[in-house]
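Peer 1: Need a 3D model of the sequence below.
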Amino acid sequence: MILFDQRGNGYSTPKLNCPEMDEATRTAFRENASASEKTNLFVSAFLSCRDRLVDENIELQAYNLKENVADIEDLRSALNIQQWNLYGISYGTLVAQGLMSQFPEGIRSAALDSVVHIDDDVANVEAAKAIDQRLLSIFADCEAQQICGRDYPGLEQRFWNEVNRLNETPATIRLVSEEFEVDHDVSFDGKDLVYYAQLKLERSSTMKFVPYRLDRVIRENYSDVRLEMLEDLEDSLVSFGTMLSTRCTQSTFNDTSALTTLPIHQTIIDRELDSYNFMLLICNSWETNKANKLEISISSTNIPTYPNTEWRV
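Peer 2: From the prediction side, this is the model:
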């Protein structure tokens, strides 16, 4: 097995981390920042990160999907491997699709786990629909199972009632961390609850406990939410400089009308709109070149491919 850290990440050098974002996150908790204040803090942090990276003579335009795909093909050639099997998760599935499009002769097979669509539209209709479908499925599965249905009756309706209630009157959670000098009340609203559920559904280790976790929050037991918040205070493992350089080059910002008219809960739509507007602010200022965007065209392929988008309780 060959594990690969793309440029700007992991053991690759230079590593495009943004400690400015870590400090902004802690400041947001210390000050119990509102949504607009958080946006201002995070935008300022990312732009400070960009300025520092540029001052360090890092060419941000050299970090994009096209270069990542070329790097992996160069690695295959350097290792003298005629063909190999690809396995990609999340963003790695986009890299794999780029390789399948640009260098199909070097690929024996591909397994794509949690597939990212090749049209990386930031007004992400498919992501919003997927969150809604995951929640619908978890609620339906729970209701259909004897023990889960007995222990958490009417979970779907209770969950959305709680989302609505928290949107009107956010809960207050006390967050204490001596290490990061945090001892403050922080707000937890309906958007936060949807995001909390999304996090639990995306992790195989917590997926089967989602009904239990959501029931606890609905009953105003926020101990697990508090732990999630405390984890956010830790230094991020994400190389935000690489992520933003890559995504701002590859993404498109299409009209949001298809998103806003989806027949799903408004809170899911609002979360995606928040993400869209935030990324638009960042990408308008990040140093990228759309000429470096990799155009991927895979209408059909002879490469044996397994796209894994299924999940169950």
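Peer 1: Can you show me the helices along the stretch 1-150 of the chain?
Peer 2: 19-30, 35-55, 65-78, 91-102, 125-144, 146-151 (DSSP state H, counting those that start in this stretch).
Peer 1: how far away is L79 from T169?
Peer 2: 58 Å (CB to CB, to the nearest Å). In short, each C-beta sits where N, CA and C put it, glycine included.
Peer 1: what does F278 give?
Peer 2: Counting by CB to CB, the gap from F278 to T169 is 25 Å.
Peer 1: Those two: who's more crowded?
Peer 2: A direct count of neighbours by other CB atoms under 10 Å for F278 and T169 places F278 higher, at 16 against 9.
Peer 1: Which residue comes closest to L47 once chain neighbours are left out?
Peer 2: Take L47 and drop its neighbours on the chain: the residue closest to it by CB to CB, 6 or more residues apart in numbering is S285, 5.8 Å away.
Peer 1: you'd agree the one you found is up against C49?
Peer 2: No: look at S285 against C49 with CB atoms under 8 Å: they stay out of range, at 11.2 Å.
Peer 1: Name the residue in those two with the higher neighbour count.
Peer 2: Higher neighbour count among S285 and C49: C49, with 21 against 13, using other CB under 10 Å.
Peer 1: Phi, psi for the closest residue to the more buried one other than its chain neighbours please.
Peer 2: Leaving aside its sequence neighbours, C49 sits nearest to C18 (CB to CB, 6+ apart; 3.7 Å). Main-chain dihedrals, C18, degrees, to the nearest 10: phi -130, psi 80.
Peer 1: C18: neighbour count?
Peer 2: 23.
Peer 1: Please apply the same query to the one 3 residues further on.
Peer 2: Burial measure for M21: 20 neighbouring residues, criterion other CB under 10 Å.
Peer 1: One more: Y63?
Peer 2: By other CB under 10 Å, neighbour count at Y63 equals 27.
Peer 1: surely it meets T246?
Peer 2: Yes: between Y63 and T246 there is a contact at 5.9 Å, judged by CB under 8 Å.
Peer 1: circling back to that earlier point, residue contacts, the residue nearest to C49?
Peer 2: Contacts for C18 (CB atoms under 8 Å, 6 or more residues apart in numbering) come out as A45, F46, C49, S236, S239, F240, G241.
Peer 1: residue contacts, the first one?
Peer 2: When contacts are counted by CB under 8 Å, 6+ apart, A45 touches C18, E20, M21, E23, A24.
Peer 1: Show the pLDDT at it.
Peer 2: pLDDT recorded at A45 is 97.
Peer 1: The residue nearest to it when sequence neighbours are not counted and N167: what is the separation?
Peer 2: Distance criterion CB to CB, 6+ apart; nearest residue to A45, sequence neighbours excluded, is A24 at 3.7 Å. Counting by CB to CB, the gap from A24 to N167 is 25 Å.
Peer 1: Tell me where the stretch 51-200 of the chain is predicted with low confidence.
Peer 2: In the predicted model of the stretch 51-200 of the chain, residues 119 satisfy pLDDT under 70.
Peer 1: Go ahead and confirm F4 touches E73.
Peer 2: No: between F4 and E73 there is no contact, the gap being 11.3 Å when judged by CB under 8 Å.
Peer 1: quick one: which of these two has more around it?
Peer 2: The neighbour count for F4 versus E73, taken as other CB under 10 Å, is higher for E73 (17 against 13).
Peer 1: how many neighbours does the closest residue to the more buried one other than its chain neighbours have?
Peer 2: In space, and not counting its chain neighbours, E73 is closest to F103: 4.8 Å by CB to CB, 6+ apart. Neighbour count for F103, taken as other CB under 10 Å: 15.
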